[in-house]
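*Asks:* Dropping the sequence and predicted coords here.
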Amino acid sequence: MVALASILTMRHLVARDESVPPASTTVSVLPNRNVTPGAVRAASLEQVCAVAQEEVVKDVSPSQRERVFAEYGIPAAQRGDYEVDYLITPGLGGNDDIRNLWPEPYHTATWNAHVKDALEERLHEMVCSHQLDLAAAQKAIATDWIVAYQKYVRAVPAKG
């Protein structure tokens, strides 16, 4: 069962609605699902687990960053407050597709880029130790990463 679920075909978790305008300049701690539904690449469990999650660092190209900021309506003066990040991390089979990128806030009080990083590491650990199916981890983080954090890490992030 793990082998079947872990070999994925390129797919988008939610179809993008092109009729919806870009998000406003107030970006939520959750991505706009019409703009960023998440996208994965074909990857086996072995490929995903071959490298530790924290070692899977993929830079977002400057052109992709600009496109993400434009789609979310974030002016240049505010861009330093965000990390253009993968909704589904490459360490869980996330793709470089624009529909998997969003401006994740750094400085929101509770739910921010640093907290999501902890979730990504935990999900990678669970997938690679066969505690969680890869497709289930991808769906959880793409659907609502805060709910996934509360389920797989803890109810509220530690203050730090």
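*Replies:* Arrived safely. Numbers count the residues shown, from 1 in each chain.

*Asks:* is it fair to say His107 lies in a strand?
*Replies:* No - assessed with DSSP: H, G, I helix; E, B strand; the rest coil, His107 is coil; it does not lie in a strand.

*Asks:* Could you point out which residue ranges in this structure have low pLDDT?
*Replies:* Across the chain, the ranges flagged by pLDDT under 70 are 1-27, 53-58, 158-160.

*Asks:* where along it do the strands fall?
*Replies:* With strands called from DSSP state E, the chain shows them at 11-12, 39-40, 82-86, 101-105.

*Asks:* so how far is Gln131 from the nearest residue to Ala142 once chain neighbours are set aside?
*Replies:* Closest residue to Ala142 apart from its sequence neighbours, by C-beta to C-beta, 6 or more residues apart in numbering: Gly38 at 3.3 Å. C-beta coordinates here come from the backbone N, C-alpha and C atoms, glycine included. Gly38 sits 21 Å away from Gln131 when distances are taken as C-beta to C-beta, to the nearest Å.

*Asks:* With neighbour numbers in mind, choose between those two.
*Replies:* Neighbours per residue (other C-beta atoms under 10 Å) separate Gly38 from Gln131, with Gly38 holding more: 26 against 11.

*Asks:* how close does the more buried one get to Lys139?
*Replies:* 9 Å.

*Asks:* Nearest the geometric middle of the protein, what residue?
*Replies:* Centroid-nearest residue in the chain, with C-alpha atoms, centre = their mean: Leu87, separated by 1.6 Å.

*Asks:* Skipping adjacent residues, who's closest to that residue in space?
*Replies:* With C-beta to C-beta, 6+ apart as the criterion, Leu87 has its nearest non-adjacent residue at 4.5 Å, and that residue is Gly38.

*Asks:* Touching, that neighbour and Arg99? I think so.
*Replies:* Yes - in this structure, Gly38 is within contact of Arg99 by C-beta atoms under 8 Å, at 7.0 Å.
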